[in-house]
Structures are given as structure tokens and as C-alpha cells.
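[1] Sequence first, predicted model second:
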Amino acid sequence: MDIMQIRNATQLIAYAGKRFLIDPMLAAKDAYPGFAGSARAHLRNPMVELPVPIERLLDVDAIIVTHTHPDHWDDAAAALIPKSMLIYVQNASDEAMLRAQGFTQLRQLSDTSRYGDIMLTKTHGQHGSDAAYAIPELAQRLGEACGVVFQHPDEKTLYLIGDSIWTKGIEENLRQYQPDVLIMNTGWAHLLGFGPIIFGMEDVLKAHSLLPQAQIVATHMEALNHCLVTRSALLDYARDNQIETVVSAPADGDTVTY
């Protein structure tokens, strides 16, 4: 499997002979204002340009959208992606949104999803703290965000966890699927007054403690105003904890292979 880091949570994954584009945020640098109510909201998003031409990103077999926050599915993606592209979404609400944008080949992820002979199993995360979800308006803003487990007889098992904090459910998923490779969104994005809404550095160590043989690919860093963990800080943390051999944080445009 090849995992090419594009920007933020956007990646190209080659798996069992097929190519998947994950969570496309395709706008030019500084296209959008910072997220209101979040850390460093004065900064504009995305903070960096795409490292490869958009045409290359669209040369795929399918797209997976873990949720429709604008850093995972933005206006540029809705405008630039062909309407006939096969797109996997997490639920009926996201399917309705993309269908209203003109997309026609939509599939909802489930426990039994497939692309050919590749199993694509939907998992659940929690995109913020219990305290944040206790406030109805904030719970609606955070919404649902899924993950996906990729499985194929000829490949290692890959768990793309998606936007989540560390929960008992994440632990259960790791124990159940025993993935060989994890993709973790580790930017430690912060909402003011409520703290992180995705993983940070310590969560990498937690994942390693549960699955010491798994390779961890850290992403969702250095592209958005509210993401406070950098690649260099995360890799320093991995070295300090003597897990650097199983942790990577590829730069935009770089590829890791397993």
C-alpha cells in the first residue's frame, strides 16, 4: 500500500491495485477564513498550497469523504470533482448534501461496504469532548465523523481513523480489527473553551501501547488555523518515547509504503 500525504486530511491511498482519494480539500492557499471560535482564528485556511496538480488527485477509482466539514470536503472539491465520480460517504445526510451538489454515484459506508474485493468497513469516532457535545449548537457543528478499515487478502489491514479524540470506542476498534497500519489525524485542533477535537501527540503513544507492531502515519497537521501540533513536534515526541521506528509524519507530497 502507498499512502501519499497531500494536505491536511487529504491523501491518495493505493490499496490492492485501486486508488482512493481521501477527504479532498482542494482550494488554493488562504481561500477561506479561519474557523470561528477556534484557536488562531485570524489565520486563513488552508495555510499551504496543494503539493501536486489537482488533475493527479482526480486520477482515482473512488473518493472517500469521512465527513463534510470544509477541511475534508470544500467548495473547491464540489466544483472540481466530476459529478459521476464514485464517492463513499458516511451517512444519509452527507449523501443528500453531495447529491444536491450534483453528484450521482454515491454509496454509504457500512459494516459490509466493498469496492470490488476490498472491504471498506465504517467505524465511528467522536469529533470533540463530551462537554462540547453536551451543547446542542456545538454538537450540531461538530456532527458525525467516521473512519474506515481497509481489508484485502493481499494487503495489510489499514485503519483510517478519521477526525476523533481518544475514546473507548477507538480502543475497541483497534482491538477488534488489529490493523497493521494506522492513519491518525494528530493536529490537535482546538475549539476555544473546549480543547481538542482531534488527536494529539499523546494519542499516538496510546495507539502504540495497544498495537506495538502497527505502523502509525500522522496527518492533519500544519494546514489549518486551529491545528496546534506540528510534524517536527510530533516526531520529537516519538523519539523521546522511543517509538520513532513505527511513527511517520510525511510532508505534503511525500509517500510512505507498507
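    Yes, it's here. Not measured: the values here are computed from a predicted model.
[2] ok, residue 226 - contacts?
    Residue 226 makes contact with 34, 35, 38, 39, 40, 41, 187, 189, 190, 191 under the criterion Cβ atoms under 8 Å, 6 or more residues apart in numbering. The C-beta positions use only the backbone N, C-alpha and C, and glycine is treated the same way.
[3] Just name the closest of the residues you listed to residue 245, please.
    Set against residue 245, the nearest of the contacts of residue 226 by Cβ to Cβ is residue 187 (22.5 Å).
[4] For that closest one, which non-adjacent residue is spatially closest?
    Excluding the flanking residues, the one nearest residue 187 by Cβ to Cβ, 6 or more residues apart in numbering is residue 227, at 3.1 Å.
[5] Could you do residue 185 as well?
    Distances taken as Cβ to Cβ, 6+ apart put residue 220 closest to residue 185, at 3.6 Å, once the chain neighbours are dropped.
[6] Now do the one you found, the pLDDT please.
    Note on residue 220: pLDDT of 98.
[7] and if you look at the one 5 residues further on?
    Residue 225 is assigned a pLDDT of 98 by the prediction.
[8] Residue 136 now?
    Per-residue confidence (pLDDT) for residue 136: 97.
[9] next one: residue 66
    Per-residue pLDDT puts residue 66 at 98.
[10] Name the nearest residue to it, sequence neighbours excluded.
    Residue 66 sits nearest to residue 162 (Cβ to Cβ, 6+ apart), 4.2 Å away.
[11] Quick check: residue 251 vs residue 117, distance?
    Between residue 251 and residue 117 the distance is 32 Å, computed by Cβ to Cβ, to the nearest Å.
[12] returning to that earlier point: burial of the residue nearest to residue 187, as a residue count?
    Other residues near residue 227 number 26, with proximity taken as other Cβ atoms under 10 Å.
[13] got it, and residue 114?
    Counted with other Cβ under 10 Å, the neighbours of residue 114 add up to 12.
[14] circling back to that earlier point, Provide a list of residues in contact with the residue nearest to residue 187.
    Per Cβ under 8 Å, 6+ apart, neighbours of residue 227: 187, 188, 189, 198, 220, 221.
[15] SS state for the closest residue to the last one other than its chain neighbours?
    With Cβ to Cβ, 6+ apart as the criterion, residue 221 has its nearest non-adjacent residue at 4.5 Å, and that residue is residue 187. Under DSSP: H, G, I helix; E, B strand; the rest coil, the three-state class of residue 187 is coil.
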